[in-house]
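Enquirer: have a look at this prediction, sequence included:
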Amino acid sequence: MKLDALAFGAHADDVEMACSGTIIKLGALGYKTGVTTLTRGEMATRGSAKIRAHEFAQSAKIMGLASHNMLDIPDGRIEVSWENKIKIIKEIRAYKPRIVFAPYWVSRHPDHEKASHLVREAAYLSGLKKLKTDQESYRPYKVVYYQTRFGFKPSFIVDISDFHARKIKSILCYKSQFHHKNKAKFGKDETLLSRPEFLDRIETRDKQYGMYIGVKYGEPFLVREAIKIYDPVDFFDAGYLEAIP
Ligand SMILES: [Zn+2]
């Protein structure tokens, strides 16, 4: 199966919190989308690998994904190793996505930073014919970075206003991560995510980036290269101009 867009996260819930609005929007536009997590989340303070897999499957339904996979790289100790690059190359070659999403390379959790480097390197290496897996070589057109904790000056912002409610639904699938009265089931250890105000922060950030492009909610992205535009008159069309504050 071929995907149009494949988003990689270090952990299940990373993609949802950062950019599931865009993933959901792409699905609504008719593109085939997928999410692959590098780990199974067994080191999470709350929940377990089994619970996380279940929550990820629920969220995949809400996001309308054509594929959702978990690789078996150990959680909390993702390393930029050849072995791990091969695991990601195999995933890229299996789905041949036109674009790949990866976490921004500056983050609070070391796994996110390692995941960023791994995905970028694997996306390039995947195009080398002499690098043998049992698949055809393939290089995605672009690696697009999403934001985790630390901000960046975005290369572009996607209007997710019509999809924000579904984004929140996808995040809430991770019942064990977020504030829950059932402490016996989900653990009493509070984390940044389990505090009741956490969802407000996501809403505030999405509104902030929405404001920059003159819409209700937006998600920011970064690409390393300059963006090539064939026809600037068409690109900066009336819809774009309306968005200028
Ligand atoms: Zn994470």
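Expert: Arrived safely. Numbers count the residues shown, from 1 in each chain.

Enquirer: for the record, mean pLDDT for stretch 220-228?
Expert: Taken as a whole, stretch 220-228 has an average pLDDT of 96.

Enquirer: C-alpha coordinates for it, PDB please?
Expert: Extracted as PDB, the C-alpha positions of stretch 220-228 are listed here (Å, rounded to 0.1, in the frame of the first residue of the first chain):
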ATOM      1  CA  PRO A 220       3.100  25.100  12.400                       C
ATOM      2  CA  PHE A 221       5.700  23.200  10.300                       C
ATOM      3  CA  LEU A 222       9.300  23.600   9.400                       C
ATOM      4  CA  VAL A 223      11.200  22.500   6.300                       C
ATOM      5  CA  ARG A 224      15.000  22.800   6.100                       C
ATOM      6  CA  GLU A 225      15.100  23.800   2.400                       C
ATOM      7  CA  ALA A 226      13.700  26.900   0.700                       C
ATOM      8  CA  ILE A 227      10.200  26.200  -0.700                       C
ATOM      9  CA  LYS A 228      10.100  26.200  -4.400                       C
END
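
Enquirer: in it, what's buried?
Expert: Of the residues in stretch 220-228, those buried by neighbour count under the rule 16 or more other C-beta atoms under 10 Å are 220-222. Every C-beta, even on glycine, is put in place using the N, C-alpha and C of the backbone.

Enquirer: list the contacts of it.
Expert: Counting by C-beta atoms under 8 Å, 6 or more residues apart in numbering, the neighbours of stretch 220-228 from elsewhere in the structure are 19, 22, 101, 104, 142-147, 152-158, 209.

Enquirer: if we use 6 Å, what do you get?
Expert: Counting by C-beta atoms under 6 Å, 6 or more residues apart in numbering, stretch 220-228 makes contact with 144-145, 147, 152, 154-157, 209, all of which sit outside it.

Enquirer: go through those and flag which are in strands.
Expert: The members of the contacts of stretch 220-228 that map onto strands under DSSP state E are 144-145, 156-157.

Enquirer: neighbour-wise, give me the winner out of those.
Expert: With neighbours defined as other C-beta atoms under 10 Å, the most crowded of the ones in strands among the contacts of stretch 220-228 is Y145; it has 25 neighbours.

Enquirer: which pLDDT value belongs to that residue?
Expert: Per-residue pLDDT puts Y145 at 98.

Enquirer: and the gap between the one residue in the chain that gets nearest to the ion and K175?
Expert: Proximity to the ion, evaluated over the chain using C-beta to the ion, is greatest for H11 at 3.7 Å. Between H11 and K175 the distance, using C-beta to C-beta, to the nearest Å, works out to 15 Å.

Enquirer: K32 contacts A66, doesn't it?
Expert: Yes - if you go by C-beta atoms under 6 Å, K32 and A66 touch, sitting 4.4 Å apart.

Enquirer: H11 and K175: which has the busier surroundings?
Expert: Residue environment comparison for H11 versus K175 gives the larger neighbour count to H11, 27 against 17, counting by other C-beta under 10 Å.

Enquirer: just give the nearest non-adjacent residue to the more buried one, would you?
Expert: Taking C-beta to C-beta, 6 or more residues apart in numbering as the measure, H11 lies nearest to G41, with 4.9 Å between them; neighbours along the chain are not counted.

Enquirer: noted, bye for now.
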